[in-house]
Each structure stands twice: as C-alpha cells, then as structure tokens.
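Engineer: 3D, please:
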Amino acid sequence: MTRSWAGGLLHVIEAVQKPTPRYPTIGEADKTGVLPSESGVETDCLNPCRVVPFRAPTLNARTAVTSWQQMEIGAAARDMNAWGYHVAEEAFLVDSAGDGAMTKKEYVAGTVEQKDAGLLTNQAPPLVWARTYDFEDIIILLAMQQPYQGRPFYATRILVNRDGRYQMVGSYYSAIRNVPVFSLSDQIDDP
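Structural biologist: Below you'll find the model as predicted:
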C-alpha cells in the first residue's frame with residue numbers, strides 16, 4: 001500500500017523571530033529562548049539519550065526516534081560529528097526567542113565555540129512528552145522538553161528517511177511562556 005502526502009500542510013507551533021539570524025555569543029543569557037544550550041549545567045544525559053517516556057507506535061517512527069536519540073547523545077557530548085551524522089546538511093533550527101533560522105553549520109560553530117571556551121552546557125534537555133506522525137519516509141516528532149534551567153518548550157522535529165537513515169531536516173522550538181522558570185537546583189535539597 002502506498003500513501004501520498006503531497007501538498008499537505010502541518011502547522012503545529014509558531015515561532016516568530018527577527019529576520020537576521022545569528023548564534024548567541026558566549027555569556028549572553030536569554031532564559032526565554034531554547035537554543036543553543038543551558039550554560040552551567042553538567043549532568044549525564046539519561047533522558048532523552050538512553051530512555052524516553054514514550055514508545056512510538058510504528059517501526060518507522062521508532063527508527064526515527066532512535067536516530068534523534070543518537071543526535072541528542074552527540075549534542076550532550078558536544079560531539080558535532082556524531083550529532084551531524086543525524087542532521088541533514090540543509091537542516092535549520094528555529095527558536096521562538098531567536099533571531100531567525102540557524103543552519104547546521106551555525107549550530108556546529110556555536111557549539112564548538114562554547115566547548116573551546118570551556119563553557120559547560122546541556123544541549124539535550126529531558127523529554128516530558130512526545131508524539132510521532134508517520135508519513136513513511138517523513139516522521140514528525142512533536143515533543144515537550146523541560147530544561148534543567150528555564151521554561152519548558154515545545155519542539156517540532158522533521159526527520160526524513162534518506163537511504164535507510166532518518167536525518168533531521170527541520171526543528172522548531174517554542175518556549176512556553178506562561179509557566180514559571182524551572183531550576184533543577186531549586187528542586188533538590190542539599191544534604
């Protein structure tokens with residue numbers, strides 16, 4: 001059975017940004033945004049790197065989620081080769097608080113700059129909720145993630161099957177602004 005999804009439109013979240021793209025500089029803090037990372041956070045990546053709190057309903061979707069998890073493992077380790085293997089060259093990332101779409105090359109350059117400066121970051125915040133839509137060679141991954149510092153955000157990721165491997169081609173992030181800012185250190189009592 002062959003399914004076709006030509007000319008369709010899926011509008012999930014809306015991200016309004018300024019027209020000029022740029023990667024935030026080291027030391028620049030914007031708690032309302034999602035990208036690029038959370039400075040000062042150093043923790044093992046269990047969720048989403050090793051486990052996620054949902055099971056995708058189809059084999060295609062499970063394969064795409066596994067690819068996304070491998071991408072997150074690379075992001076958490078700031079291993080841009082591992083991250084980039086699961087991200088298409090033409091991929092773009094859009095943040096609701098950002099200044100436009102960030103390319104794969106810009107994301108890699110910003111991450112390398114942070115790593116070289118010795119800045120501790122967490123680029124793989126825990127997954128709270130997710131759902132997949134399976135269009136065979138295209139998987140839409142909708143998610144809510146809770147950073148260790150800041151507000152939760154919605155993410156829409158588009159993964160495309162290329163030669164048996166799902167790669168992310170687009171990612172939209174939208175901070176949830178009507179909730180209090182979360183800080184992991186506020187949730188843990190010191191002994």
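
Engineer: drop to CA atoms for contacts and neighbour counts, all remaining ones
Structural biologist: OK.

Engineer: Where is the longest helix in the protein?
Structural biologist: In the chain, taking DSSP state H as the definition, the longest helix is helix 59-77.

Engineer: That helix packs against which elements?
Structural biologist: helix 80-85, strand 127-134, strand 138-145, strand 165-175 (3 or more Cα pairs under 8 Å, 6 or more residues apart in numbering; DSSP states H and E).

Engineer: Residue 69: which of those is closest?
Structural biologist: Nearest of those to residue 69, taken as Cα to Cα: helix 80-85 at 9.7 Å.

Engineer: I'd like the helices and strands packed on helix 59-77 as a markdown table, with distance to residue 94, mean neighbour count and mean pLDDT appended.
Structural biologist: Shown next, in a markdown table, are the helices and strands packed on helix 59-77 (distance: least, Cα to Cα, whole Å; neighbours: other Cα atoms under 10 Å; pLDDT from 0 to 100):
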| stretch | distance to residue 94 | mean neighbour count | mean pLDDT |
| --- | --- | --- | --- |
| helix 80-85 | 17 | 18 | 96 |
| strand 127-134 | 18 | 18 | 96 |
| strand 138-145 | 14 | 21 | 96 |
| strand 165-175 | 5 | 22 | 93 |
